[in-house]
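**Student:** Attaching a predicted model along with its sequence, questions to come.
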Amino acid sequence: MKDKRKMNYNNCYLRSLTIFFQHNLRVLCLICGCLILVPGALRGQSDARTWTDSIEIGYKNGLYIKTKDGKYSLRLHFLLQPHYQYLVANGVSNTNTFSLRRGQIRFFGNFFDPKLKFRVMFELPGTQGGTTANLRDMWVDWQWKKYFQIKMGQFLVSFDHENMEPSWALQFVDRTMINNHLGFERDAGVDVHGSFFLDHIEYDLFLVNGDGRNQINLNDKFMTGGRIVANIVGKHNYLLPDLEKSSKPNLALGAAAIYDMGNASINNNKLTRITGDIAFRYLGFSILALANIAYNSTKGEIDYGFLGQTGFFLFPERFEVAGRWAKISKNGALGTDTIDPQETGMSLNYYFNGHHVKLQTDYSHLWNNAAIQDRNDDRVRIQIQLFF
């Protein structure tokens, strides 16, 4: 009965968010603008000329408006990814369709103090098969010192390298099956993070609901964990394609562990997740290798997966070729599915203007696709990206 009441409350919560973002986009923009402009503009200013002199508006990797003292700022980003997919499916009808993979609006900046950051991001209606707007990020981050910063709200859970890569900087049209089954997305909670030793060591420690984005806690259990990254050489920043043809090597080792005290989606089973990854880029060449493990201590089952991915710019800053392989062993740790999928693929990427305007085409062969034994499919995807 308690779970049913929570689910009803959760549905009301989601409907409220949807209605807000569908019908009040202009209101959101006005609120954000007022948040930035009013406090900075009314600090003892008495005439319009002085007021306008205190504000700067421009474009630098996104539209921005800020006060010249740096205390208030608002930046606006758009990410558009029109998408085509042709899937030759074994035993069922083929898929031949256009879609909108992503259509995102992102607001971020700071208020009252340059150290107090915020971010709001949502997916527009019509993208990823959805018919309503979908809130993805909404957080506030107090960046007190480099070694101690605290974020609260809904944010991307810091786990493996692949799920931390920005959606606008992917080497393929999308992430692998590893991320779908063993990775994480967004969740609501708190994250303490920072870096030491001139950014050679980065860390995250977090406590979240464990039920995914736009959800209240479906039980009284939380998910807690942490990630640490050692930037052995340079600073990798989760950007895999070596678009700038790095003159110096960038090598990073990462590891993370998560303990889920009771996952509501699989009968409150207790889960332990572990991952390790290595990422390298140099002179147009890049490589990523990672392993993910999920252990269900309630059932005594383990799911695990491996990913290898590499790329190289045949023409610097313009044309990149990439390849990857991924495999998962499913033993029922994260559900009842025990069919092991695998994929191999290659990608051709042409960068007209860096990640701001690029064209991606990839091909993948998918073994045991859609959790069906011996269903081996072939998939071709084409995607244009506009990021501004």
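**Tutor:** Alright, I've got the coordinates. Numbering: from 1, shown residues only.
**Student:** which ones are touching Leu79?
**Tutor:** Arg102, Gly103, Gln104, Arg106, Ser167, Trp168, Gln385, Leu386, Phe387 (C-beta atoms under 8 Å, 6 or more residues apart in numbering). Every residue, glycine included, has its C-beta placed from N, CA and C.
**Student:** Closest one of those residues to Arg227?
**Tutor:** Within the contacts of Leu79, proximity to Arg227 (C-beta to C-beta) peaks at Ser167, which comes in at 18.9 Å.
**Student:** That closest one: neighbour count?
**Tutor:** 15 (other C-beta atoms under 10 Å).
**Student:** pretty sure it is touching Arg102, no?
**Tutor:** Yes - in terms of C-beta atoms under 8 Å, Ser167 counts as a neighbour of Arg102; the distance is 6.1 Å.
**Student:** Name the member of the contacts of Leu79 with the most neighbours.
**Tutor:** Most crowded among the contacts of Leu79, counting by other C-beta under 10 Å, is Gln385 at 25 neighbours.
**Student:** and that residue, what element?
**Tutor:** Per DSSP states H and E: Gln385 is located in strand 377-387.
**Student:** buried sites along that strand?
**Tutor:** Asp377, Asp378, Arg379, Val380, Arg381, Ile382, Gln383, Gln385, Phe387 (16 or more other C-beta atoms under 10 Å).
**Student:** cool, stretch 139-148 as well?
**Tutor:** Buried-residue list, stretch 139-148, by 16+ other C-beta under 10 Å: Trp139, Asp141, Gln143.
**Student:** pLDDT wise, what is the closest residue to Phe352 other than its chain neighbours at?
**Tutor:** Sequence neighbours aside, Lys358 is the residue nearest to Phe352 in space, at 6.3 Å (criterion: C-beta to C-beta, 6 or more residues apart in numbering). Looking at Lys358, its pLDDT is 98.
**Student:** part of a helix, is Lys358?
**Tutor:** No - Lys358 is assigned strand when assessed by DSSP: H, G, I helix; E, B strand; the rest coil, not a helix.
**Student:** Give the bridge partners for it, please.
**Tutor:** Tyr351, Gln385 (DSSP bridges).
**Student:** tell me what the strand holding Gln385 is packed against?
**Tutor:** strand 73-88, strand 357-367 (3 or more C-beta pairs under 8 Å, 6 or more residues apart in numbering; DSSP states H and E).
**Student:** helices or strands next to the last one in the packing?
**Tutor:** It refers to strand 357-367. strand 342-353, strand 377-387.
**Student:** quick one: that strand to strand 377-387, angle?
**Tutor:** 160 degrees (axes from the mean of the first three to the mean of the last three C-alpha atoms, to 10 degrees).
**Student:** So which bits of strand 357-367 are buried?
**Tutor:** Result for strand 357-367 [16+ other C-beta under 10 Å]: buried residues Lys358, Gln360, Thr361, Asp362, Ser364, Leu366, Trp367.
**Student:** From the rest of the structure, what touches it?
**Tutor:** Contacts for strand 357-367 (C-beta under 8 Å, 6+ apart): 170, 172-173, 177, 341-352, 376-387.
**Student:** same thing but 7 Å
**Tutor:** Here strand 357-367 makes contact (C-beta atoms under 7 Å, 6 or more residues apart in numbering) with 172-173, 341-352, 376-386.
**Student:** and what of stretch 325-332?
**Tutor:** Here stretch 325-332 has contacts from 176-178, 181-182, 299, 301-308, 337-344, using C-beta under 7 Å, 6+ apart.
**Student:** How about stretch 84-98?
**Tutor:** His83, Arg375, Asn376, Asp377, Asp378, Arg379, Val380, Arg381, Ile382.
**Student:** I'd like to know how many residues surround the third one.
**Tutor:** Spelled out, it's Asn376. Asn376 has 15 neighbouring residues, counting by other C-beta under 10 Å.
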